[in-house]
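Student: Just a sequence and a predicted model for now, questions to come.
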Amino acid sequence: MAQNFRNALTKNVTNSATTIFTPNSYDTVKSVRLCNTTSSQILMDIFVTNGGVDYYLALNVPIPAGGQYEVMEQGSMLVLGNGDVLKATSDTSSSADAIVCYVDAIST
């Protein structure tokens, strides 16, 4: 079976909840990478919102100036379905970029 890999790219994650990925039906997230685009350390949160409730994957993660953080370790996956939204927030406005790698569909 072939897998259709995709990237969701988000520029300038800010200090309010920023949507970095919304699934189409059910999608499997393979990795989430955050990059600090500022010259100072930032703190970031990554979470799934469903039904108005936030479920945290990472909370107050320090990312050094120009550094990056991979939310999910190699081999991990996160299945997101209808009603789920993957979000990120930073303690500093317009301070990070996010790349979400996911499997959009599995071909037979």
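Tutor: Good, I have the coordinates. Numbering: from 1, shown residues only.
Student: Just the strands from this protein, written as ranges.
Tutor: 2-13, 18-21, 27-36, 42-50, 53-63, 68-70, 78-80, 84-90, 96-107 (DSSP state E).
Student: contacts for the last one?
Tutor: Judged by CB atoms under 8 Å, 6 or more residues apart in numbering, the contacts made with strand 96-107 from elsewhere in the structure are 1-13, 18, 20-21, 23-24, 27-38, 42, 44, 63, 86, 88, 90. Placement of C-beta: from N, CA and C, glycine included.
Student: From the residues you listed, list the buried ones, please.
Tutor: Buried subset of the contacts of strand 96-107 (neighbour count, 16 or more other CB atoms under 10 Å): 8, 10, 13, 18, 20-21, 23, 27-32, 34, 36-37, 42, 44, 63, 86, 88, 90.
Student: which residues does residue 59 contact?
Tutor: Contacts of residue 59 by CB under 8 Å, 6+ apart are 45, 47.
Student: Look at it and report its pLDDT.
Tutor: The model reports residue 59 with a pLDDT of 97.
Student: any idea how far it lies from residue 25?
Tutor: Look at residue 59 and residue 25: by CB to CB, to the nearest Å, they are 28 Å apart.
Student: Wait, residue 10 touches residue 32, no?
Tutor: No: using CB atoms under 8 Å as the test, residue 10 is too far from residue 32 to be in contact (10.3 Å).
Student: what's the overlap in contacts for the two?
Tutor: With CB under 8 Å, 6+ apart as the test, residue 10 and residue 32 both reach 20, 98, 99, 100.
Student: List the strands paired with the helix or strand of the chain with the lowest mean pLDDT, with their directions.
Tutor: The weakest-scoring helix or strand in the chain, judged by mean pLDDT, DSSP states H and E, is strand 96-107 (a mean of 85). Here strand 96-107 is paired, per DSSP bridges, with strand 2-13 (antiparallel), strand 27-36 (antiparallel).
Student: rank these by mean pLDDT and give me the bottom one.
Tutor: Lowest mean pLDDT within these: strand 2-13, at a mean of 89.
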